[in-house]
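**Student:** Requesting a structural model of the entry that follows:
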Amino acid sequence: MTRWQEIARETGGPDYARRYAERFRALAARGDGVHGEAAFVNGLVSPPARVLDAGCGTGRVAIRLAELGHTVVGVDVDVAMLNEAREEAPDLDWRVGDLAQLDTGELFDLVVVAGNTIPLLEPGTLSAAAAHLAAQLDPGGLLVCGFGLDADHLPDDCPVTPLAEVEEAFAAAGLEPVERFSTWDRAPYDEAAGYVVTVDRLRGEGT
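**Tutor:** Sure, this is the predicted structure:
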């Protein structure tokens, strides 16, 4: 069982994946904005871009990106979460995969890693995950990650992964920082905000 699954089962019970999907459907039904990540990505690449949603969970971000006209692949290690995604959008490309061993056999214009996926990685796998995420990008392609930097912005029992460690792993994987924000709405980065959205570019010819 992964770190994510242990935390999810503890807080949401055995039906955690369905509960997770229903929570966001309820938020959307009452008019709350639930597509900040997709809007952010859509502001970086124009459709039809090739986008990988790495750690896609129940597919909320990937489904919205597909609605906006992007060609999307969703990957997650949690089969229960992917089953929710397939039920919601059976025609999209959903795959089971561990980010620390990821090999889609394709290259993308952008890889998005949302939903606190980075701090929820298995212990000791950050460097491998960064390398494998970078390997899915075209030269000059973008890696976008959003994650909490303190306990208030992370699930219970999820340890903090310092931004400096993430940036070190990204640099070793051939990525260079482009922008940093504190929200998906592009608020300027402030460490005190407790959340970061990182945008990095894969170094390559012409970049």
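
**Student:** okay, the biggest helix by length in the chain in PDB with CA atoms only?
**Tutor:** Ordering each helix of the chain by length in residues (DSSP state H) puts helix 16-29 first. Below are the C-alpha coordinates for helix 16-29, written out as PDB (Å, rounded to 0.1, in the frame of the first residue of the first chain):
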ATOM      1  CA  TYR A  16     -12.000   6.800  -0.300                       C
ATOM      2  CA  ALA A  17     -11.800   7.100  -4.100                       C
ATOM      3  CA  ARG A  18     -15.500   7.400  -4.500                       C
ATOM      4  CA  ARG A  19     -15.700   9.900  -1.600                       C
ATOM      5  CA  TYR A  20     -12.900  12.000  -3.200                       C
ATOM      6  CA  ALA A  21     -14.600  12.200  -6.500                       C
ATOM      7  CA  GLU A  22     -18.000  13.000  -5.000                       C
ATOM      8  CA  ARG A  23     -16.500  15.800  -2.900                       C
ATOM      9  CA  PHE A  24     -15.300  17.700  -6.000                       C
ATOM     10  CA  ARG A  25     -18.600  17.000  -7.800                       C
ATOM     11  CA  ALA A  26     -20.400  18.500  -4.900                       C
ATOM     12  CA  LEU A  27     -18.200  21.600  -4.900                       C
ATOM     13  CA  ALA A  28     -18.700  22.000  -8.700                       C
ATOM     14  CA  ALA A  29     -22.500  21.600  -8.300                       C
END
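
**Student:** Relative to the whole chain's centre, how far out is that helix?
**Tutor:** 18 Å (CA atoms, centre = their mean, to the nearest Å).

**Student:** What is it packed up against?
**Tutor:** The elements that helix 16-29 packs onto, with contact taken as 3 or more CB pairs under 8 Å, 6 or more residues apart in numbering; DSSP states H and E, are helix 3-12, helix 79-88. Just so you know, the C-beta spots here come from the backbone N, C-alpha and C atoms, and that holds for glycine as well.

**Student:** Next, the buried residues of the last one.
**Tutor:** Okay, so that is helix 79-88. Of the residues in helix 79-88, those scored as buried under the neighbour-count criterion (16 or more other CB atoms under 10 Å) are 80, 81, 82, 84, 85, 86, 88.
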